[in-house]
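> my questions concern the predicted model and sequence given below.
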Amino acid sequence: MTPPLSAHAPSGPLATRWERHRDDLALVGPARRRHHSVLVVGAGLAGASAAATLSELGYRVRCLVFHDSPRRAHSVAAQGGINAAKNYQNDGDSVARLFHDTLEGGDFRSRESNVYRLAELSARIIDHAVAQGVPFAREYGGHLANRSFGGTLVSRTFYARGQTGQQLLLGAYGALAKEAAAGGVTVLPRREMLDLLVVDGRARGVIARDLVSGALETHLADAVVLATGGYANVYFLSTNAKASNATAIWRAHRRGAAFANPGFVQFHPTCLPAAGEHQAKLTLMSESLRNDGRLWVPLRPGDARRPEAIPETERDYFLERRYPRYGNLVPRDLGSRACKAICDEGRGTGPGGRGVYLDLTEAAGRLGLEVLRERYGNLFEMYAQVTGDDPLRGAMRIAPAPHYSMGGLWVDYDLMSTIPGLFVIGEANFSDQGANRLGASALMQGLTDGYFILPYTLAGYLAGASLGTVAEDGPEARAARAEVQARVETLLRLEGRRTATDFHRALGRVMWDACGIERSREGLAKAIDEVAALREAFWEDLTVPGGAGELNQELERAGRVADFLELAELMCRDALAREESCGCHFRVEHQTRDGEGLRNDEKFAHVAAWMPAAPGRVPERLVEPLEFESLALRERSYR
């Protein structure tokens, strides 16, 4: 029997847990903070906010940035908004309601304690961002504007047109740049973490590669913070930037950090369909468009007429028909499955019948084109640039795509992994989102982790940790560096015929078919064997041009694909073990008569955390039981 994990969450009423826990955490005095070094890997919203805040407190911070500037972090791509329970619209919102929506939207597969803390701290993020100068949209009278997102019946999403992530990232980057100029943070761009340094059972640094010179570097610290994002690029085609990868968290997992709920990957229903095999990534259209846009398909299969030529009587507004209470703003898991079901019926639109229409023409007539351009401006420009069509003159065409990973490294209530001293924040951890993330909650979690949680919990760890001296030329550091060097040399020695991209594309097809929007026992079992065969072929038939001591993007790509090939098998094993449907995880064997997901709360109300195994062995699965004290388990109200 596998041992249970403990989140070390405080007891007592949910509303006072974080405040009481924060007061109980040990502190590090101001004079002592400058003697502690903290290494932050990643500089998106979570990483930049954490690095800036820790530096402001007086810690010596080193921040490794994958890109040439933190401003290029993938957080910049978030479009629609950020949730906060401020009730500016006076429509009934509250901390309790945001907590309820987030927990229910995650299909009751997340911790109550974490979710309540997230909802409780959400309002502080908006105030903090406004103080930084983030240009949120405002009403005519000057008040901050709000709009609604999927899975909610209130308007709590703050936004900056379609550039919310970019504007929030500029705010966090400004704070980081200020600390860097003052000498509190050392920002090192173009570094990729390739291994975690564990000494005496504690995380004490990383081995990184300078992506320009190719040199391997050892970075030591008293604690390590991973803020490296998600892993949806395992599917090859996703809404993530092509550089987004899983190497940092996967290397930490291989060093002993538990990986939780790897099979929970969200498919966003509002993306542009793939145009063909040549395509390298997919383009996201913000969920906010579904506030004013209506999704529909022709009633008749194979109807090839242009959308404006199809009369209202021959259209099926399938989300409004299927989910009348929420309409087009259903949560993403339900929206994506509904789109797929319609396409499977042969009523999809466009080449291959892979899309559905998102139609704003009714809203344009009701509100006017200028109002819509003010709300969504750059989103329309993006659509026109990619497709050549004007989205305000005819219907847009959209389709589901891999987007956000709810799975990630397991962390406790203090955001620390199973390796003491290794903290994981933002999308890199298994998150507060359960089995499905509500729209506009990713930015909320990343900034909450970095600004308002980690600075307290990290201090609690450092105050009680007995840390010995670690040297760059110590035995543990030398051994870790030698392993990284050997892995790089092995990749370069291969003299095969296929590129890393070729293997990645093949992996994506397997994962999309077997571990995508729908999963089955038979398909997952087959995929485990197919991924293993792909991995074997990778190490026999890969070709990597160039050398190690130079800028070599093919070498970078090969290392990431090697990690994806291992992670993919774990994702399939996790999905195979969870004999239920919940959130994004839809097992065809477990559904209701009308095709909705069927949870099994008796057997699967837990977090599944996987520990690394020796080569050739199946990883060990630990479980963290989930307790729902304040909210009875029940079917979601939009079903």
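Right, received. Where do you want to start?

> the stretch 501-639 of the chain: strands as residue ranges?
For the stretch 501-639 of the chain, the strands defined by DSSP state E, counting those that start in this stretch cover 606-611, 620-625.

> for the first one, packing partners?
Using 3 or more CB pairs under 8 Å, 6 or more residues apart in numbering; DSSP states H and E, the elements in contact with strand 606-611 are strand 259-260, helix 553-577, strand 620-625. (C-beta placed from N, C-alpha, C; glycine too.)

> reformat the ones you listed into a markdown table and put mean pLDDT and distance to Gly464 next to each item.
As requested, the helices and strands packed on strand 606-611 are arranged in a markdown table below (pLDDT from 0 to 100; distance: least, CB to CB, whole Å):
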| stretch | mean pLDDT | distance to Gly464 |
| --- | --- | --- |
| strand 259-260 | 98 | 24 |
| helix 553-577 | 98 | 32 |
| strand 620-625 | 93 | 23 |
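
> can you list the low-confidence ranges for this structure?
1-3, 629-639 (pLDDT under 70).

> most packed of the strands of the stretch 501-639 of the chain?
strand 606-611 (a mean of 22; mean count of other CB atoms under 10 Å).

> just checking: what are the partner strands of that strand?
Here strand 606-611 has these sheet partners by DSSP bridges: strand 259-260 (antiparallel), strand 620-625 (antiparallel).

> of these, which is nearest Leu409?
strand 259-260 (6.1 Å; CB to CB).

> so which of the strands paired with strand 606-611 comes closest to Arg294?
Nearest of the strands paired with strand 606-611 to Arg294, taken as CB to CB: strand 259-260 at 37.0 Å.

> residues in contact with that closest one?
For strand 259-260, the surrounding residues in contact (CB atoms under 8 Å, 6 or more residues apart in numbering) are 249, 253, 407-410, 429-430, 570, 607-610, 624.

> in JSON lines, list those along with distance to Phe158.
Putting the contacts of strand 259-260 into JSON lines (distance: CB to CB, whole Å) gives the following:
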{"residue": "Ile249", "distance to Phe158": "29"}
{"residue": "His253", "distance to Phe158": "34"}
{"residue": "Gly407", "distance to Phe158": "27"}
{"residue": "Gly408", "distance to Phe158": "25"}
{"residue": "Leu409", "distance to Phe158": "29"}
{"residue": "Trp410", "distance to Phe158": "30"}
{"residue": "Asn429", "distance to Phe158": "24"}
{"residue": "Phe430", "distance to Phe158": "26"}
{"residue": "Leu570", "distance to Phe158": "36"}
{"residue": "Val607", "distance to Phe158": "30"}
{"residue": "Ala608", "distance to Phe158": "34"}
{"residue": "Ala609", "distance to Phe158": "33"}
{"residue": "Trp610", "distance to Phe158": "36"}
{"residue": "Glu624", "distance to Phe158": "32"}
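
> return the member of those residues nearest to Ala514.
Distances from Ala514 to those, taken by CB to CB, are shortest for Leu570, at 13.6 Å.

> distance of the residue nearest to the closest one when sequence neighbours are not counted from Gly58?
Distance criterion CB to CB, 6 or more residues apart in numbering; nearest residue to Leu570, sequence neighbours excluded, is Pro262 at 5.0 Å. Using CB to CB, to the nearest Å, Pro262 is found at 37 Å from Gly58.

> before we move on, what about Gly12?
Gly12 is 31 Å from Gly58, by CB to CB.

> who has more neighbours, these two?
Gly58 (17 against 9; other CB atoms under 10 Å).

> wait, the more buried one sits on Arg34?
Yes. Counting by CB atoms under 8 Å, Arg34 is a contact partner of Gly58 at 5.3 Å.
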